[in-house]
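1. Give me the fold of what follows.
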Amino acid sequence: MTFDRVFTGPRRRQIRTAEVVGDAYRAAGAPWPEPVVLPEFDEFQAEDVIREFTPLLAERHPHIRALVEALRSLDGSEASKEIFGELFREVTSRWVKGEVDSPALESWEGFCERVRRGVESACDGSAGTTRAVVFSSAGPTAATVRMALDLSALSTLELSWRPRNSSVSEFVFSVGRLGLQTFNTIPHLDAPSLVTLW
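-> Modelled structure (predicted):
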């Protein structure tokens, strides 16, 4: 498959992935357009959300406070990763539902709107037989699926936990229309040891 337009988000991992794929295309003698960096495909500010809202939510909710205390008592073991994952989901879910917000941070709806603008930029001039590829992350992928399937905010967040590393999702688009073709596929990974989650 060849592409007429290539886009990446601004994160180093997004840009680097596009570089690796571009190297493989050029090594095979296939065309590879110069990538365009679109900041709209950046991930949501997960670290800032956790830092900003965990103390407040721990004051309000005993079970969140218990997760924070349990995490402090552990030392980077597998158990601490599980507890952090649970805490991460609790805090981000409450942020997505609007229980907490801050003028200093992009809201979940603001994030989804930003991704929508990026998708529109990538699709602009790319309709018809043109193919575009975007190298991004799980959150922007989920937000794009939200556009295609009209998902709720919370369903979109839940979907953002699903993508496997280096997975491919395909969308079809025309003027004013976006449809989901495939989600989270990994046909290029031929060994189970290569399949990982975030």
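2. domains of this protein?
-> Domains of the chain are assigned by automatic domain parsing as 5-43+108-194, 46-96.
3. Can you give me the first-to-last residue distance of the longest one?
-> When you say that, I think you mean domain 5-43+108-194. End-to-end distance of domain 5-43+108-194 (CA to CA, to the nearest Å): 28 Å.
4. next one: it to chain centre, how far?
-> Centre-to-centre, domain 5-43+108-194 and its host chain are 9 Å apart (CA atoms, centre = their mean, to the nearest Å).
5. which residues does residue 149 contact?
-> Neighbour list for residue 149: residue 180 [criterion: CB atoms under 8 Å, 6 or more residues apart in numbering]. In short, each C-beta sits where N, CA and C put it, glycine included.
6. That one and residue 131: what is the separation?
-> Noted for residue 149: a distance of 21 Å to residue 131, by CB to CB, to the nearest Å.
7. Residue 10 too?
-> Distance from residue 10 to residue 131, by CB to CB: 22 Å.
8. Show me the shaky parts of the protein.
-> For the chain, the stretches flagged by pLDDT under 70 are 76, 125-129, 198.
9. Can you check which strand is longest in it?
-> strand 177-185 (DSSP state E).
10. quick one: contacts of that one?
-> By CB under 8 Å, 6+ apart, the residues outside strand 177-185 that reach it are 119, 123, 144-145, 147-149, 162-164, 167-173.
11. what are the pairing partners of that strand, and which direction each?
-> Strand 177-185 pairs in its sheet with strand 168-174 (antiparallel), by DSSP bridges.
12. Buried ones in the strand it pairs with, by neighbour count?
-> 169, 171, 173 (16 or more other CB atoms under 10 Å).
13. I'd guessed the first one sits against residue 143; true?
-> Right, the one you point to is residue 169. No. Counting by CB atoms under 8 Å, residue 169 stays clear of residue 143, with 11.5 Å between them.
14. how about the strands of this protein, start to end?
-> According to DSSP E, the chain carries its strands in the segments 5-8, 36-37, 132-135, 168-174, 177-185.
15. Between those, which one is closest to residue 90.
-> Among the strands of the chain, the nearest to residue 90 by CB to CB is strand 177-185 (23.7 Å).
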